[in-house]
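*Asks:* quick one, structure for this:
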Amino acid sequence: MKKRFQLVVLFMVISFCSIINAQVKMNFKFNTPYGENKAVGKYAEINGAKIYYEEYGNGEPLLLIHGNGGSINSMGNQIDYFKSKYRVIIADSRGQGKSEMKTDSLTYVQITKDWEGLVNHLKLDSISIIGWSDGGIVGLEMGISGKTKIKKIVAMGANLRPDSTAVKDWAVKEVSKHKKEVLLKIKEKDATQNWNVEKQMLGLLGDQPDIPVTDLAKIKAKVLIMAGDEDIIKNKHSLEIYENIPKAQLNIMPGETHFAPASNPVLFNEIASKFLSEPFKRPDSNWTKWK
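*Replies:* Residues are numbered from 1 along each chain as shown. Next up, the predicted model:
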């Protein structure tokens, strides 16, 4: 397994299938070959790159957006669960899985535009989104841009900033260290793998996103902010995001990590499903407001 996959996975959902950990065990084995399903897999030319996507089920459109270095298979637990309830649409984000990179400076803004382009390509009137890690960031970015009609967004393990005000200190240091290693490989003209791609993926983690907290007020969709209580994202940052979205709920899962969608998919899926299927409520404990 490539070095970057072995290293960076401890930070943001990369090379899911290779992880063997005594504390966090994840499932990525499914009866359906998600991400390799020739019966349903298609390509769409989006913003100058071929983006690979798959669709499952019928009903209201639900986008599933995976994390950094992941792929369609990364969210197989969510496809399995939601395909009987929704028209599930999931793609390999730009430069990942089967999708082309076609840029030398990958950004969340570009990935957001790609997803908006896919929505337009499929002629979807309105959507809901479940995004994990980088996918949660993209979901929030789509809500901020307002170019797509979005009913609800579930953002798991998302952050507005890449620094230690938002992300655990150890993770910031790890990404910085690996960025230096990749730059050294490029300087040495090492040809064992495409280090420029590695550089771009690490650039997402270490240098982005840069979302002003005030931009969250632009989100018109109902939003569920989710995280594990031992997430890579600091709990106070998840709270910060929640408190600045007009119509939001917050769920910090007890005893869970950044990898809950794969390590405890039953819990994660049930929480997300409840939010998506039930009318949005924002009750207040202040009984002086009760009527």
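*Asks:* please make it C-alpha for all contacts and neighbour counts, starting now.
*Replies:* Fine.
*Asks:* contacts for stretch 101-111, please.
*Replies:* With contact meaning CA atoms under 8 Å, 6 or more residues apart in numbering, stretch 101-111 is reached by 48-49, 93-95, 137-138, 141, 196-197, 200-201, 203-204, 208-209.
*Asks:* rerun at 6 Å
*Replies:* The contact list for stretch 101-111, computed with CA atoms under 6 Å, 6 or more residues apart in numbering, reads Ala49, Arg94, Gly95, Gln200.
*Asks:* what of stretch 64-82?
*Replies:* Residues outside stretch 64-82 that contact it (CA under 6 Å, 6+ apart): 12-14, 34-35, 90-92, 96-97, 130-135.
*Asks:* strands - which of the contacts of stretch 101-111 land there?
*Replies:* Members of the contacts of stretch 101-111 lying in strands (criterion: DSSP state E): Ala49.
*Asks:* of the contacts of stretch 101-111, closest to Phe268?
*Replies:* Arg94 (25.5 Å; CA to CA).
*Asks:* if I look at the closest one, how far off is Gly255?
*Replies:* Arg94 is 32 Å from Gly255, where distance means CA to CA, to the nearest Å.
*Asks:* please identify which of those two sits among more neighbours.
*Replies:* Using other CA atoms under 10 Å as the criterion, Arg94 and Gly255 rank with Arg94 on top: 27 against 10.
*Asks:* not counting sequence-adjacent ones, nearest residue to Pro261?
*Replies:* Of all residues not flanking Pro261 in the chain, Phe268 sits nearest, at 5.6 Å (CA to CA, 6 or more residues apart in numbering).
*Asks:* check the one you found and give its pLDDT.
*Replies:* For Phe268, the pLDDT comes out at 98.
*Asks:* before we move on, back to that, farthest-separated two in the contacts of stretch 64-82?
*Replies:* By the measure CA to CA, Met12 and Tyr34 form the most distant pair in those, at 20.4 Å.
*Asks:* with adjacent residues omitted, what lies nearest to the most centrally placed residue in the chain?
*Replies:* Central residue of the chain (CA atoms, centre = their mean): Gly135, 1.7 Å from the mean position. Of all residues not flanking Gly135 in the chain, Ile65 sits nearest, at 4.5 Å (CA to CA, 6+ apart).
*Asks:* tell me how far the one you found lies from Val167.
*Replies:* 20 Å.
*Asks:* the two: which has the busier surroundings?
*Replies:* Each of Ile65 and Val167 has its neighbours counted (other CA under 10 Å); Ile65 has more, 29 against 24.
*Asks:* in the sheet, who's paired with that one?
*Replies:* Gly131 (DSSP bridges).
*Asks:* that one and Glu188, how far apart?
*Replies:* With the distance defined as CA to CA, Ile65 ends up 35 Å from Glu188.
*Asks:* helices of this structure, residue ranges please.
*Replies:* Ranges of helices within the chain are 3-8, 76-82, 108-121, 134-145, 169-187, 195-207, 235-243, 260-263, 265-277, based on DSSP state H.
*Asks:* may I see those helices organised as JSON lines, with distance to Val40 added?
*Replies:* Formatted as JSON lines, the helices of the chain follow (distance: least, CA to CA, whole Å):
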{"stretch": "helix 3-8", "distance to Val40": "27"}
{"stretch": "helix 76-82", "distance to Val40": "13"}
{"stretch": "helix 108-121", "distance to Val40": "16"}
{"stretch": "helix 134-145", "distance to Val40": "22"}
{"stretch": "helix 169-187", "distance to Val40": "36"}
{"stretch": "helix 195-207", "distance to Val40": "27"}
{"stretch": "helix 235-243", "distance to Val40": "36"}
{"stretch": "helix 260-263", "distance to Val40": "23"}
{"stretch": "helix 265-277", "distance to Val40": "23"}
